[in-house]
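>>> Any chance you can model this:
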Amino acid sequence: MLGQLHDLDLQLLRLFASVAQSGGFSAAQGVLGLSQPSISQQMAKLETRLGYRLCSRGKGGFKLTPKGEQLLKATRVLFESIEAFRHQANGVAGRLLGELRIGFSEALDQSVTLRLAQAITRFRQRDESVCIELISAMPADMERLLLEQRLDLAIGYFSGAQRAFDYRLLFSETQQLYCGLGHPLFSAVEVDEQALVEADRIEHPYRFLKTDEPFRGGVCSARTEQVEGALAFILSGRHIGYLPRHFARPWVERGLLRALREEESSFEVPFHLARHRGQVPGDAQQAFELDLLAAFA
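Numbers count the residues shown, from 1 in each chain. Below you'll find the predicted structure:
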């Protein structure tokens, strides 16, 4: 009786299947390139390992025993499975597999979203079978998820203070100071520095920690990290604050927002591709990172 299958067992089973398919020892000589005595010895060795006879080979000719018939069926199933395994194993040799979790900031410019889509297009043209999850999150949340290794890559504006991360610059975003319709500065002919200092501004608890905003007023009774929250405060006509220029543009065109001291109060915020330095990137992550960098080149 066979215990574990060894290479010798597979060789003997292949010989047995060839003999059975050929219809006898003599007929299998040409197929196997072996003499009849050698085939007979090999068949006897297999029967010894199995503990039962596989065929009768006398004056009545070659014939499989009932157990030989069952073994032949099992042997064919075994080699079909081995062949299927071989194809599958070879098929994944160059294929990208697994999952990718990509974080990205809110309210991105349409051109940025398009470049992200182009990176996905590039990646999908590869030989891959990867599930990609896109997660929109605040910068602080993305940093936390990266630290917990629950994100593979993140696109956003970061403090740059996390030594555990590697950063690659992707693009920059213009931030502009705005007020809304109904605010005293909305209809002012000139907006001086003192007027800005006295205006009630919006505080961003995380954003632009490493960037010197051109304007940092003294009065502040509004606080939000989200772009949509800042927009709501500004549209109320009671607060001034920073918004991405591309995000504010439709509201400016509708006459609901006004840029304040456009040249002096605007500044650029760098957006980076970040990943955890201690997380060993898989093939899929490395490929997607290359496609992202190519799309933003």
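
>>> Give me the sheet partners of the helix or strand of the chain with the lowest mean pLDDT and which way each runs.
When the helices and strands of the chain are scored by mean pLDDT, DSSP states H and E, strand 55-58 comes last with a mean of 80. As defined by DSSP bridges, the strand partners of strand 55-58 come to strand 61-64 (antiparallel).

>>> List of residues touching the partner strand?
With contacts defined as Cβ atoms under 8 Å, 6 or more residues apart in numbering, strand 61-64 is touched by 19, 20, 23, 24, 25, 54, 55, 56, 57, 72. The way it works is simple: take the backbone N, C-alpha and C, and place the C-beta from them, glycine included.

>>> try 7 Å
Residues from elsewhere that reach strand 61-64, judged by Cβ atoms under 7 Å, 6 or more residues apart in numbering: 20, 23, 24, 25, 54, 55, 56, 72.

>>> which of those residues count as buried?
20, 24, 25, 54, 55, 72 (16 or more other Cβ atoms under 10 Å).

>>> taking the residues you listed as a set, which two sit the farthest apart in space?
Greatest spacing in those, by Cβ to Cβ: 25 and 72 (15.3 Å).

>>> Quick one: distance of the least confident helix or strand of the chain to the chain centre.
Chain-centre distance of strand 55-58: 60 Å, with Cα atoms, centre = their mean, to the nearest Å.

>>> Could you do stretch 78-91 as well?
28 Å.

>>> Extract the C-alpha set from stretch 271-289 and format it as PDB.
As requested, C-alpha coordinates have been extracted for stretch 271-289 and formatted as PDB (Å, rounded to 0.1, in the frame of the first residue of the first chain):
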ATOM      1  CA  PHE A 271       1.000  66.500  -2.500                       C
ATOM      2  CA  HIS A 272       3.100  63.400  -2.000                       C
ATOM      3  CA  LEU A 273       2.800  59.600  -2.600                       C
ATOM      4  CA  ALA A 274       3.500  58.100   0.800                       C
ATOM      5  CA  ARG A 275       4.200  54.600   1.900                       C
ATOM      6  CA  HIS A 276       5.400  52.900   5.100                       C
ATOM      7  CA  ARG A 277       9.100  52.400   5.000                       C
ATOM      8  CA  GLY A 278       8.900  49.200   7.100                       C
ATOM      9  CA  GLN A 279       6.300  47.500   5.000                       C
ATOM     10  CA  VAL A 280       7.900  45.300   2.300                       C
ATOM     11  CA  PRO A 281       6.100  46.200  -0.900                       C
ATOM     12  CA  GLY A 282       4.800  43.300  -3.000                       C
ATOM     13  CA  ASP A 283       5.100  43.000  -6.700                       C
ATOM     14  CA  ALA A 284       1.600  44.500  -7.300                       C
ATOM     15  CA  GLN A 285       2.300  47.500  -5.100                       C
ATOM     16  CA  GLN A 286       5.700  48.200  -6.800                       C
ATOM     17  CA  ALA A 287       4.000  48.000 -10.200                       C
ATOM     18  CA  PHE A 288       1.200  50.300  -9.200                       C
ATOM     19  CA  GLU A 289       3.600  52.800  -7.700                       C
END
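
>>> Not counting it itself, show me its contacts.
Contacts for stretch 271-289 (Cβ under 7 Å, 6+ apart): 96-98, 100, 123, 126, 128, 130, 146-147, 149, 152-158, 164-173, 292.

>>> What's the PyMOL line that selects buried ones from those residues?
Written as a PyMOL command, the selection of buried residues from the contacts of stretch 271-289, which uses 16+ other Cβ under 10 Å, is:
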select buried, resi 96+100+123+128+130+146+152+153+154+155+156+157+158+165+170+171+173+292
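
>>> With distance to residue 86 as added columns, please give the contacts of strand 61-64 in JSON lines.
Below are the contacts of strand 61-64 laid out as JSON lines (distance: Cβ to Cβ, whole Å):
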{"residue": "20", "distance to residue 86": "22"}
{"residue": "23", "distance to residue 86": "28"}
{"residue": "24", "distance to residue 86": "29"}
{"residue": "25", "distance to residue 86": "29"}
{"residue": "54", "distance to residue 86": "26"}
{"residue": "55", "distance to residue 86": "29"}
{"residue": "56", "distance to residue 86": "34"}
{"residue": "72", "distance to residue 86": "21"}
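
>>> ok, which pair from these is furthest apart?
25 and 72 (15.3 Å).
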